[in-house]
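>>> Here's my sequence, what's the structure:
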Amino acid sequence: MRKRAVVLCGTAALVAGTMTAVPAQAGAAHPAEAAQAARLTWQKCGTQDYPTLQCASLKVPLDHARPNGRQITLALSRVPHTAKKYQGPLLVNPGGPGGSGLTLAGFVASALPKEVAAQYDVIGFDPRGVGKSTPALDCRPGHFAPVRPDSVPSTPRIERANLQRAKAFARACGEKYADVLPYINTISAVRDMDKIRAALGAKQINYFGYSYGTYLGSVYAKLFPQRVRRAVLDSVVDPTGVWYEDNLAQDVAFNGRHQAFMAWVAKYDATYKLGTDPAKIEAKWYAMRAALAKKPAGGKVGASELEDTFLPGGYFNGYWPYLAEAFAAYVNTKDADALVEAYERFGAVDASGDNGYSIYTSVQCRDAVWSRDWNQWRTDNWAVYDKAPFMTWNNAWYNAPCVFWPTPSLDSVNVDNGKLPPILLFQATDDAATPYQGGVTVHQKLARSSLVVEQGGGNHGITLSGNACLDKHLAAYLTDGTVPHGTGEADAVCEALPDPKPLNSKMTSQSSRGAELHELLGFRG
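Numbering: from 1, shown residues only. Model (predicted):
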């Protein structure tokens, strides 16, 4: 988890107001639900980048089984449609769990072709417990403050220190939010989404989710198939591995992306002067890690913080030039300043990151059954570490509060669905955060889905990042529901964009757009 983009919308008090009526072609809601639309009062909250953004808030039940019980508040944003042809609300979610979607609405509306975006009200929202929604959870402020114990439990003392941190976090969540934690989960968030739909006065929603947002969308579609008009799932979570197995699969995939980064550094030896053999460069990285475990750079970047810093490179190769410069500066000249700067940009966790992690653990630990036997975790993670050392133990400790979580786990959701209209999936072959198999699995589970594959792509979150081939499929689908139909595993294949060049080369607008998206998506989602 890293610093997330600043959330722009405040949670305004609910006051009487009206929304623009939903045109007939978008599908009006039931009269009783349409009346609820009057509860949303949209106020201007635009920024320099997204000047047309508006914000509102909506009260929903903490416990949807008790609709008249305690209420909580969701923060919403929108970019309203401007075209005569209106296709209804397009809800967007950046993943996480724990990601704020308020600013994402502005990005999606500006990154889509103007004529497409103009036909939708693009709706962002902070899921329950996140950001400007209230209550916003922050279980243990400063949990990731440097310098943390080495993530690799090479001694019993180091293992005990990390276990104590995981226990302390779970205990803090239970003590502060005992009345809330049972209701922080994907199913509750999905029911919130349906309350948003009703408040918007829409019979159906369109949906666009990245990363964990693909699971959120799949579960919404399972619970409310008749209320899905269109859905785009980008970088698809494997629902059969929620969440323990999915995290172990991530470890292997992230190791592969880290080695791809090493090969990229080797390609540009003239710039970074770390050698031309990727294996030897990787050895230098682990030597740097070992040195930082003994003497943290700037008193901030130890072994665990180094992993936090380089993890974003597994999500988005646009960060590689910055990470390579910091790596080279430390190895070649013992300059720690660049490494500290990279940590503060990519790895450090601020208050919004503390909030995001609190929701991440609350949702994942509640969503599905986790082993409460640390011995099993130890055995499984050492086995994976032997073949994938880069992030295995860092990821294990990130999820370890689930061993001690104060609320019992629910059963995961079987998202098999034959009741949906055509759905569009996007998946990169070398995605680390949501490995390729997730896209294939969900394609099989959603009977009328189409899968667009980015061949050779390693980024996480691939549409609206500058790949014209992918975005052409996205625009066609949002325009009139057109999806590709193929005969193989994928219905359409797009080639990946080229890897970036070092910073002394000319940067492209495509890389800038990808960076803008990935600032909003954050990491660990």
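>>> what mean pLDDT does stretch 88-106 have?
Mean pLDDT, computed over stretch 88-106, is 98.
>>> Ok, stretch 396-406 next?
Mean pLDDT, stretch 396-406: 98.
>>> Tell me the buried residues in that stretch?
Of the residues in stretch 396-406, those with enough neighbours to count as buried (16 or more other Cβ atoms under 10 Å) are 396-406. Where you see a C-beta, it was placed from the backbone N, CA and C, and this is true even at glycine.
>>> now stretch 56-63, how far from the centre of its chain.
Mean-position distance between stretch 56-63 and its chain equals 23 Å (Cα atoms, centre = their mean, to the nearest Å).
>>> Let me see the contact set for residue 79.
50, 52-54, 105-106, 109, 117, 121-122 (Cβ atoms under 8 Å, 6 or more residues apart in numbering).
>>> sorry, back to before: of the buried residues of stretch 396-406, just say which sits nearest to residue 150.
Proximity of the buried residues of stretch 396-406 to residue 150, judged by Cβ to Cβ, is greatest for residue 397, which lies at 10.2 Å.
>>> The closest one contacts residue 167, doesn't it?
No - the criterion here is Cβ atoms under 8 Å, and residue 397 misses it with residue 167 at 11.4 Å.
>>> Show me the strands in the stretch 301-450 of the chain, by range?
423-428, 449-455 (DSSP state E, counting those that start in this stretch).
>>> Could you export those strands as CSV, including mean neighbour count?
Shown next, in CSV, are those (neighbours: other Cβ atoms under 10 Å):
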stretch, mean neighbour count
strand 423-428, 26
strand 449-455, 23
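>>> pretty sure residue 100 contacts residue 106?
No - the pair residue 100 / residue 106 is not scored as a contact, 11.9 Å apart, by Cβ under 8 Å.
>>> Who has more neighbours out of those two?
residue 100 (32 against 25; other Cβ atoms under 10 Å).
>>> What values do phi and psi take at the residue nearest to that one when sequence neighbours are not counted?
Excluding the flanking residues, the one nearest residue 100 by Cβ to Cβ, 6 or more residues apart in numbering is residue 131, at 3.9 Å. When read as degrees, to the nearest 10, the backbone of residue 131 gives phi 60, psi -120.
>>> my guess is residue 131 meets residue 104, correct?
No - the criterion here is Cβ under 8 Å, and residue 131 misses it with residue 104 at 11.3 Å.
>>> Show the average pLDDT along stretch 114-131.
Per-residue scores along stretch 114-131 average to 98.
>>> distance between the ends of it?
29 Å (Cα to Cα, to the nearest Å).
>>> what number of residues lie near residue 114?
Counted with other Cβ under 10 Å, residue 114 comes out at 10.
>>> which ones are touching it?
Residues near residue 114 by Cβ under 8 Å, 6+ apart: none.
>>> To which secondary structure element type does residue 74 belong?
Classification of residue 74 using DSSP: H, G, I helix; E, B strand; the rest coil returns strand.
>>> sorry, back to before: helices - which of the buried residues of stretch 396-406 land there?
396-399 (DSSP state H).
>>> what would those look like in CSV with distance to residue 452?
As requested, those are exported to CSV (distance: Cβ to Cβ, whole Å):
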residue, distance to residue 452
396, 33
397, 35
398, 30
399, 30
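>>> Can you tell me which of the residues you listed is closest to residue 517?
Top of the list for closeness to residue 517, among those and by Cβ to Cβ, is residue 398 at 22.7 Å.
>>> and for residue 100 and residue 106, which residues touch both?
Joint contacts of residue 100 and residue 106 (Cβ under 8 Å, 6+ apart) do not exist.
>>> So which residues of the stretch 401-525 of the chain form helices?
437-445, 468-480, 509-521 (DSSP state H, counting those that start in this stretch).
>>> Residue 186 is nearest to which of the ones you listed?
Smallest distance to residue 186 across the helices of the stretch 401-525 of the chain (Cβ to Cβ): 14.8 Å, for helix 437-445.
>>> Where does the nearest residue to residue 115 once chain neighbours are set aside sit: helix, strand or coil?
Leaving aside its chain neighbours, residue 115 sits nearest to residue 83 (7.2 Å; criterion: Cβ to Cβ, 6+ apart). With three-state DSSP as the basis, residue 83 sits in coil.
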